[in-house]
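[1] Mind folding the following:
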Amino acid sequence: MLIVVVVAAGAYIALSSGGTTTTTVVSTVTSTSTSTQVSTSISTSTSTSTSTQTSTQTSVSTYTSTSSLLPSATVSGAGGTLVFPLMSTWLYAFNQLQPNVQVNYASVGSGAGITDITKGTVNFGESDAPLTTAQYSALPSGSTLLTVPISASGVVPAYNIPGLPATTHLNFTGDVLAKIFLGQITTWNDPAIAALNPKISLPSNAIIVIHRSDGSGTMYAYTNFLSDSNAQWKSQVGTSTTPNWPVGTGCKGNEGVAGCIENNQYSLGPLEIAYVLQNANLIGVSINYGAVQNHAGNFILASLSDITLAMQAGVTHGAQVPQGSTPWTGWSIINNIYNDSTDTGIYPITTFTYALVYQSLSASYTGFTSQAQATATVSFIWYCVNQGQSAGANIGYAALPANVVASDKTTLSQVTYNGATLLTGS
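    Below is the predicted model of the structure:
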């Protein structure tokens, strides 16, 4: 399923006085969804569907800016599909603020984003998973890659059960989800699922398991939660962007997982919440998803409020948020909140999504052709962290808390081009 999001020209008003800019963006988002699937393990048919619909969204933000227009530059980025719906909005809005700068983003998956920034073929990478020790070791000799949280969202167990009302959301525990993806629970009416949903008549059909086929930070978050929830999953599969899935059919990107779930009845797969909301709001396709039990024993249906609560709890409990050049390997909101029974309303599969940029930018291994390009890159990431945070409220992206924004500012302030600091006047 390929989802192309175009943020078309709308009303854009910027009023400046004394360095304070109030920005109102009214943009029309047109989503064209083309779904083409061939899956011999599920069916022998090919299914193609195309639909287009428009939606209008308004966001208002007030912020302080001391910078003038940046010089002409083109910036390239690549990475996770989790952030792509929000990234599309950021690309449009930043270009309105800085019309001389063109930022391009390839939604290729977290694994490919890390590979691209490692090779220096993009100006910034993006991942929904922190780099592993091995990935840090693969970076160019003498380089330092910085990790900058830019938003947070939730991964949900999405499913397609014919006849089940859209207002009915199944309950899941991490242990039950792990057993489904281990192939130990194979039918929808299995006693373990039925016990969690006593008032729902579940079908006897086999569960068609869907997962990602590419390197994915979304799957990293999902397998992180399964590893915390089930000892066999932790020892047999573990936490990974590219897990060795015991069962199921792989589909590329969050877009692909959404399409595979939509096109296969009785399927179940992990999906970033924005793709559920976006499908419903923009193309009229409703993908149902379940509530997940947190450590307090409550079944939580992912929403902006409980994702925000989880993120806030995640940065106050457990390991401190890294900043600067400190590696992020092993740091996880999911781990930090897994045993948290005090914050009763948190959604347990909540994850940061990160921008990746080298600390020292130059024309050598990082591929920057000018200081203007380097400045534009850092300015865009800082825009996402700062002014752009309100843009994701309607599609399930939580705004970063003040302490994370402050940490990000410390990190980005360390980025230089030929020794000159790039983040100024923020």
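[2] any idea where the strands of the stretch 201-350 of the chain begin and end?
    With strands called from DSSP state E, counting those that start in this stretch, the stretch 201-350 of the chain shows them at 208-212, 249-251, 267-272, 288-289, 291-293, 299-300, 350-358.
[3] how about those, which one is nearest Gly318?
    Gly318 sits nearest to strand 350-358 of all the strands of the stretch 201-350 of the chain, at 13.1 Å, using C-beta to C-beta. C-beta coordinates here come from the backbone N, C-alpha and C atoms, glycine included.
[4] between the helix or strand where Leu86 lies and strand 267-272, how many degrees?
    Of the helices and strands defined by DSSP states H and E, Leu86 is found in helix 84-97. Angle of helix 84-97 versus strand 267-272, following axes from the mean of the first three to the mean of the last three C-alpha atoms, to 10 degrees, is 30 degrees.
[5] Let the chain start at 14 from now.
    Okay, using 14 as the starting number, the last item reads as helix 97-110.
[6] which secondary structure elements does the helix or strand just after helix 97-110 contact?
    Going down the chain from helix 97-110, the next helix or strand is strand 114-120, by DSSP H and E. Judged by 3 or more C-beta pairs under 8 Å, 6 or more residues apart in numbering; DSSP states H and E, strand 114-120 is in contact with strand 86-92, helix 97-110, helix 384-398.
[7] quick revisit: tell me which other helices or strands the helix holding Leu99 touches.
    The contact analysis (3+ C-beta pairs under 8 Å, 6+ apart) places helix 97-110 against strand 15-30, strand 33-51, strand 114-120, helix 286-295, helix 384-398.
[8] tell me the angle of that helix relative to helix 384-398?
    Relative orientation of helix 97-110 and helix 384-398, computed by the same axes, to 10 degrees: 120 degrees.
[9] what's the angle from helix 97-110 to strand 114-120?
    Interaxial angle, helix 97-110 versus strand 114-120 (the same axes, to 10 degrees): 170 degrees.
[10] give me every residue that touches Ala376.
    For Ala376, the contact set (C-beta atoms under 8 Å, 6 or more residues apart in numbering) comprises Thr382.
[11] Please, which helix or strand holds it?
    Under the assignment here (DSSP H and E), Ala376 is part of no helix and no strand.
[12] The one 3 residues further on now?
    With the criterion set as DSSP H and E, no secondary-structure element contains Thr379; it sits in neither a helix nor a strand.
[13] what separates the residue nearest the centre of the chain from Leu195, distance-wise?
    Centre of the chain computed as the mean C-alpha position; nearest residue by C-alpha atoms, centre = their mean is Leu95, 2.8 Å away. Leu95 is 24 Å from Leu195, where distance means C-beta to C-beta, to the nearest Å.
[14] hang on, Thr181 packs against Ile213?
    Yes - contact status for Thr181 versus Ile213: in contact at 6.5 Å, counting by C-beta atoms under 8 Å.
[15] For the two, indicate the residue with more neighbours.
    A count of neighbours by other C-beta atoms under 10 Å puts Ile213 above the other of Thr181 and Ile213, at 17 against 13.
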